[in-house]
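just a sequence and a predicted model for now, questions to come.
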Amino acid sequence: MSQTYDFPPTLNPLVYITIFHVPLLAFIFLSLKPIACKSHACALCIIIFVQILIPFLYHGIYESQMNLTIALLAMLYTSKMMIWLKKNYQSSIDSKIPSFTASLFNWRPNVVKIPDESRHQKYIDSINELGYLPIRSYFKHNKTLGQVLGICSVFLISGLFHDYIAIVAFNHFSLDYVVFFLFHGILLILWEAIEGKILGRGKDFKDNFGSKVFKMALFLPIAIFTTPLFAEPYVNGIDFHSHLNICTNLTKWTNKKIFLCNTQ
């Protein structure tokens, strides 16, 4: 009788975490020398692809909290790898190239900042470096078009980033995040065009109370109707669903209070 084998094979979590970091170590080893040939660059590109592929293959197998951490690390590693490869491609053999390991931690602030801002700054810088800045530099002859496409690329990368996390961490296949971020990116572009051209407002314009109320009345319904696209994968997540199920938790809390009152 023929035997069937599961792919990918189920591994011990410690073994899985070790295998996940193998491409990172291989990239660090190959980044010690300048990229002097196409085969070297191709090898680094393959490593980047493998780094982001491993968590994707093992989506939904391990607990969501572990997969969430792995997905965040995968996006951090691959974005830093691509930025390093873009900056150091075709470097001369005698040139001194920056350390890739140092680029993993160049987001650390030198001054005291808000913890959440410092934590997310590494992803924001990577998205700008991979999407916004290259497109703006490519369309130097048309700055308006370059800025529009650059903004769209940032929101597109952000959507793909969140969809990747939803797939790996929560086994949720959809393009909800891509639609969510692209919609808000297009909305931002249209609003800037309306505010800048029709209203003729400059960068130094300060909104008064009436304009703030108008913006709130305009964007609040949009936020209400588009928020489910962003929240659904997290609501359906294993670790989040039990905490966000308000009715169930309220019933448990009420029954607990009734039980304590009856025992007194």
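The structure has been received and is ready for your questions.

mind listing the helices for the protein?
For the chain, the helices defined by DSSP state H occupy 13-30, 38-57, 64-88, 100-103, 115-127, 133-138, 143-170, 176-193, 209-235, 238-244, 246-263.

remind me which residues of the stretch 51-200 of the chain are low pLDDT?
Under the criterion pLDDT under 70, the flagged ranges of the stretch 51-200 of the chain are 90-97, 104-123, 196-200.

domains of the protein?
For the chain, automatic domain parsing gives the domain ranges 1-106, 113-233.

using JSON lines, lay out the ones you listed together with mean neighbour count.
For the C-beta atoms, the positions are set from N, CA and C on the backbone; glycine is no exception. Putting the domains of the chain into JSON lines (neighbours: other Cβ atoms under 10 Å) gives the following:
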{"stretch": "domain 1-106", "mean neighbour count": "15"}
{"stretch": "domain 113-233", "mean neighbour count": "15"}
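
before we move on, back to that, right, and the helices of the chain - which one's nearest residue 7?
With Cβ to Cβ, the closest approach to residue 7 among those belongs to helix 38-57: 8.1 Å.

ok and the closest one relative to helix 13-30, angle-wise?
Relative orientation of helix 38-57 versus helix 13-30 (axes from the mean of the first three to the mean of the last three Cα atoms, to 10 degrees): 160 degrees.

start at 877, not 1
In the new numbering, first residue 877, that becomes helix 914-933.

okay, angle between helix 914-933 and helix 940-964 too, please.
Put simply, helix 914-933 runs at 160 degrees to helix 940-964, going by the same axes, to 10 degrees.

what's the angle from helix 914-933 to helix 1019-1046?
50 degrees.

now do helix 914-933: everything it contacts.
884, 895-896, 899-900, 902-903, 906-907, 909, 911, 943, 946-947, 950-951, 953-954, 957-958, 961, 965, 1040, 1043-1044 (Cβ atoms under 8 Å, 6 or more residues apart in numbering).

and with 7 Å instead?
884, 895-896, 899-900, 902-903, 906, 911, 943, 946-947, 950, 953-954, 957-958, 961, 965, 1043-1044 (Cβ atoms under 7 Å, 6 or more residues apart in numbering).

quick check: phi and psi at the nearest residue to residue 886 once chain neighbours are set aside.
Leaving aside its sequence neighbours, residue 886 sits nearest to residue 937 (Cβ to Cβ, 6 or more residues apart in numbering; 6.3 Å). Phi and psi for residue 937, reported as degrees, to the nearest 10, are phi -90, psi -40.

try residue 913
In terms of degrees, to the nearest 10, the main-chain angles of residue 913 are phi -140, psi 160.

for it, list the residues it contacts.
Per Cβ under 7 Å, 6+ apart, neighbours of residue 913: none.

quick check, pLDDT for it.
Residue 913 is assigned 82 on the pLDDT scale.

what about it, distance to residue 1070?
51 Å (Cβ to Cβ, to the nearest Å).

and for residue 897?
Distance from residue 897 to residue 1070, by Cβ to Cβ: 48 Å.

same check on residue 946?
Distance, residue 946 to residue 1070, by Cβ to Cβ: 42 Å.

what's the answer for residue 963, then?
Distance, residue 963 to residue 1070, by Cβ to Cβ: 37 Å.

verify the stated contact: residue 904 with residue 977.
Yes: at 6.0 Å, residue 904 and residue 977 qualify as touching, with contact defined as Cβ atoms under 7 Å.

which residue packs closest to residue 1004, ignoring adjacent ones?
That would be residue 1030: by Cβ to Cβ, 6+ apart, it lies 6.8 Å from residue 1004.

which residues are in contact with the one you found?
Contact analysis of residue 1030 by Cβ under 7 Å, 6+ apart lists 1003, 1004, 1007, 1008.

for the residues you listed, which one is nearest residue 1060?
Nearest member of the contacts of residue 1030 to residue 1060, counting by Cβ to Cβ, is residue 1003, at 14.3 Å.

my read: that closest one touches residue 1035, true?
No: between residue 1003 and residue 1035 there is no contact under Cβ under 7 Å: 10.7 Å.

touching, residue 1056 and residue 1102? I think so.
Yes: with contact defined as Cβ under 7 Å, residue 1056 counts as touching residue 1102 (5.9 Å).
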